[in-house]
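> I would like to see how this sequence folds:
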Amino acid sequence: MAATTPPKVVFEHKGVFIHSSPDESEDQDLISGFLRIVDKDGETLVEYKPLEDADPSNMLCACKDSSSVVEWTQSSEDNPHHPIDHQLSYETEWDMINAVSFRRKVHAHGDGGSNHTNVRNKWAFSFNVCDLRSITVKCEGWSYISFSLKDATALPAIHFHQGGSTAFLDSLRKSVQINESPDDESLLIVSTYCKTFSQSFENLLDDTNYGLVQKFKKDPYTTTLGGFSKVTNYLFDAFRVPELECHQRPAEEVADLLGELIPGLEINQQEEPGFEVITRLDLGPRPEVQRRGPVTMEDWAKYQDSEGRITNVPHLKDLIFKGGLCHAVRREAWKFLLSYFPWNSTHEERKLLQKRKTDEYFRMKLQWKSVSEEQERRNSRLRDYRSLIEKDVNRTDRNNKFYEGLDNPGLILLHDILMTYCMYDFDLGYVQGLSDLLSPILFVMENEVDAFWCFVSFMDEMRENFEEQMQGMKTQLIQLSTLLRLLDLAFWNYLEAQDSGYLYFCFRWLLIRFKRELQFQDVLRLWEVMWTRLPCQNFHLLVCCAILDSEKQKIMDRKYGFNEILKHINELSMKLDIEEILSKSEAICMQIKNCKDLPHSVSEILGLNTVTEPSAALETSEYGTLESPQTSPRSTNRQDHVVTNGHSHLKETTHNGCKVAFIS
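I've put the predicted structure just below:
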């Protein structure tokens, strides 16, 4: 079976031994060999090969189902030995690309069980880390490790006579989570679906779909999360057997299936607040919206007094929201929009602030710059962060002149800022995707310190998106589903019928704020508009609604199913018109605000207070928050009754003259 990408050796250690007998007998042999951890097509393999066995045809591989052992056999038409270079040599010797076929090993006992003996070599083995259940680590003057697979196979103990066991385990932790057993300090429990969260974004930010089914079957957590924006019905088909053999999984279990596969992202409609099923709510007509030109340098200067303070901030934010900024203004204006500079600060106050922040930045940068190789060797987290950053930096916006070419200063700054951010927030550290959020900021600032502190401010808002529990993403998906049901219940019902009601295909949109969906200059425009915090809270959710509103007719008319919906949404990347999207998003916001009987859950999501008194006032800003200290008695006068339907309860209530149904 040919591999799609060259395999990568992430760990290799020579001089690792297997003792031919567990007892210290005189005739015991010490088998010396190589121990390797290999990354191949998104899978991680642990391989051991004795030195004296130069024939790769005898490699034993513990397969995913591990009900038996598969023997590698040499294809007669191919020569595995190509002394060309190291990489090709590795491929032919260890991975045997295009050079092997599989045949079921004949078991001497005829029971089909695992039998790790081989006439020519009974010591070589290989297994996928997904099959690993536990690791036992012991010491007898040197450390030795034994592996236990999920099918109860116990592999020969590996003895590290020359050291290296700690480095091996540190490298293995990059692919699986390893925890000490509470009952046995020498026993390490392996969990393959809880990889470090940063690794889960690799496929999400990669545009290739190849091998999704295979990756999903091997590691459903990482693949499902990693490929959320483009995952298709393979998610369900991978677990379905032919209809002749069994019934299809009941529809009510679909959410449970997703929850099992993606720990931490379960969305339960009965448990989450805000799941109001709105019926017969007339939002009224959607107003027409006109946008204006961007704020120029001359416009910006008009809003500064003689000492540099920004005046009439609400009105200036309105102008930025309605038209964005000329590029020449961005370097200064973004510092205010991202709260690096206070709006009421003077020129002198900002100079002092920059000096203080520069000192603080370089103190943090010195922390990782001064770490010696010896220190870093004992700091696995810092090594992991550095490795991920180097990998991401080398592929971030390389078609942009600011980052193109080799030894580009922009790439060096991108790397250094991300490494320094690890020192600033070591708990989060680096997660794949952060380079996408930093890149536009550094492009605009063209200054290491200013870019760092603007990025810090942006991450204060975005941090929950990247935390391992995914609470930020879970909340946003719930909120987006609530808004879409309010705006177009028929379309939401259609998506729900296609197992798409929780809008998981919007995952990448929300995660990195449309960075991979828009042209680079359009990202700058969208972000500066959103940073005004106008015209409401969570405006980015209305941007999602606007895009879906433009695509809903095509989706419904063509009767797209789960597969086609996700494929269609993913193919919108780089084809979206930012000005059209912003106009529609603003119009949707105005339409919602004009609704007198707005459900409480929607008001909470958009940060709106229900106004019932004519005397309620607006702020100076056209899109200022509506203020109303009092709540209309009408809104608290509810008439409730409960209808029981099977095992669920549908609670209907009259809220401001509008019927609202709650599932309980």
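
> mind listing the strands for the stretch 301-450 of the chain?
Counting by DSSP state E, counting those that start in this stretch, the stretch 301-450 of the chain forms no strands at all.

> Which parts of it are helices?
313-323, 327-337, 347-369, 373-377, 380-393, 409-424, 434-445, 448-466 (DSSP state H, counting those that start in this stretch).

> Looking at those, spot the one closest to E298.
helix 327-337 (9.7 Å; C-beta to C-beta). For every residue, glycine as well, the C-beta is placed using N, CA and C.

> Dump the helices of the stretch 301-450 of the chain to CSV, plus mean neighbour count.
What follows is the helices of the stretch 301-450 of the chain, written out as CSV (neighbours: other C-beta atoms under 10 Å):
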stretch, mean neighbour count
helix 313-323, 20
helix 327-337, 19
helix 347-369, 14
helix 373-377, 10
helix 380-393, 19
helix 409-424, 20
helix 434-445, 23
helix 448-466, 20
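
> Output those helices in a markdown table, with mean pLDDT and distance to E288 appended to each entry.
Shown next, in a markdown table, are the helices of the stretch 301-450 of the chain (pLDDT from 0 to 100; distance: least, C-beta to C-beta, whole Å):
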| stretch | mean pLDDT | distance to E288 |
| --- | --- | --- |
| helix 313-323 | 97 | 14 |
| helix 327-337 | 98 | 27 |
| helix 347-369 | 97 | 40 |
| helix 373-377 | 92 | 59 |
| helix 380-393 | 94 | 42 |
| helix 409-424 | 96 | 41 |
| helix 434-445 | 97 | 30 |
| helix 448-466 | 96 | 31 |
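
> Name the secondary structure element that contains Q476.
Using DSSP states H and E, Q476 sits within helix 471-487.

> packing partners for that helix?
Counting contacts by 3 or more C-beta pairs under 8 Å, 6 or more residues apart in numbering; DSSP states H and E, helix 471-487 packs against strand 276-278, helix 448-466, helix 489-497, helix 507-511, helix 539-557, helix 578-593, helix 600-606.

> so of these, which one's packed in deepest?
helix 507-511 (a mean of 24; mean count of other C-beta atoms under 10 Å).

> Just the buried residues of the helix or strand following that helix, please?
Sequence order places helix 520-530 as the next helix or strand after helix 507-511, per DSSP H and E. Buried residues in helix 520-530, counted by 16 or more other C-beta atoms under 10 Å: D522, V523, L524, R525, L526, W527, E528, V529, M530.

> what's the neighbour count on Q162?
Other residues within reach of Q162, judged by other C-beta atoms under 10 Å, total 12.

> So the closest residue to it other than its chain neighbours: helix, strand or coil?
Spatially, and ignoring its direct neighbours in sequence, Q162 is nearest to G15 (4.4 Å; C-beta to C-beta, 6 or more residues apart in numbering). Under DSSP: H, G, I helix; E, B strand; the rest coil, G15 falls in the strand class.

> Can you name the residues that contact G15?
S32, H161, Q162, G164 (C-beta atoms under 8 Å, 6 or more residues apart in numbering).

> what about it, distance to S32?
Applying C-beta to C-beta, to the nearest Å, one obtains 6 Å for the distance of G15 from S32.

> With N408 instead?
45 Å.

> Quick check: phi and psi on R133?
The phi/psi pair for R133 (degrees, to the nearest 10) reads phi -100, psi -50.

> want to try JSON lines for the buried residues of helix 520-530, with distance to M473 and pLDDT as columns?
Below are the buried residues of helix 520-530 laid out as JSON lines (distance: C-beta to C-beta, whole Å; pLDDT from 0 to 100):
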{"residue": "D522", "distance to M473": "23", "pLDDT": "98"}
{"residue": "V523", "distance to M473": "20", "pLDDT": "98"}
{"residue": "L524", "distance to M473": "24", "pLDDT": "98"}
{"residue": "R525", "distance to M473": "24", "pLDDT": "98"}
{"residue": "L526", "distance to M473": "19", "pLDDT": "98"}
{"residue": "W527", "distance to M473": "19", "pLDDT": "98"}
{"residue": "E528", "distance to M473": "23", "pLDDT": "98"}
{"residue": "V529", "distance to M473": "22", "pLDDT": "98"}
{"residue": "M530", "distance to M473": "17", "pLDDT": "98"}
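
> from these, which is closest to E288?
Distances from E288 to the buried residues of helix 520-530, taken by C-beta to C-beta, are shortest for V529, at 18.5 Å.
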